[in-house]
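A.B. asks: Next comes the sequence, and after it the predicted model I'd like to discuss.
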Amino acid sequence: MSDDSQRLDKWLWFARFFKSRSLATRFCAAGHIRVNREPVTKAHFAIRVGDVLTFAKGPHVRVVEVRDLGWRRGPATEARTLYEDLQPPAPRRPEGAGPGRRERGAGRPTKAERRAIERLKGGD
């Protein structure tokens, strides 16, 4: 491998996408990553500056462009200089929306609403 390329698994580990190089190697071998839209199944695939990597990490699909190859696994601030995230930011949820929230009157009544219903029905 020349100085202007690097192993894919090593770069993924340097860029802190994986906690260990062996995890990065298994991920590549399973065929879960694409380099410039082409599926890759070998961890020793040589990547170069300018290559675009696409892979699923957790619930998100990551699209990153290689900016630098790096020479060590440094701190997270250094790792972020190795790539540019091409994924647009996720849309923000409107205020008040989310798990456990619903429109007033939708779903099960609250304890206070149940008591009010009982009073209307004539119960104590």
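C.D. replies: Looks like it arrived, so ask away.

A.B. asks: For the chain, which segments count as strands?
C.D. replies: For the chain, strands defined by DSSP state E occupy the ranges 6-7, 33-35, 38-40, 46-47, 52-57, 60-66, 83-85.

A.B. asks: Which residues does the fourth one contact?
C.D. replies: By that I understand strand 46-47. The contact list for strand 46-47, computed with C-beta atoms under 8 Å, 6 or more residues apart in numbering, reads 1, 5-8, 11, 35, 53, 66, 69. C-beta coordinates here come from the backbone N, C-alpha and C atoms, glycine included.

A.B. asks: What of the last one?
C.D. replies: With contacts defined as C-beta under 8 Å, 6+ apart, strand 83-85 is touched by 15, 53, 62-67.

A.B. asks: before we move on, what about the third one?
C.D. replies: When contacts are defined by C-beta under 8 Å, 6+ apart, strand 38-40 is touched by residues 8, 28, 31, 33-34.

A.B. asks: longest single helix anywhere in the protein?
C.D. replies: helix 111-121 (DSSP state H).
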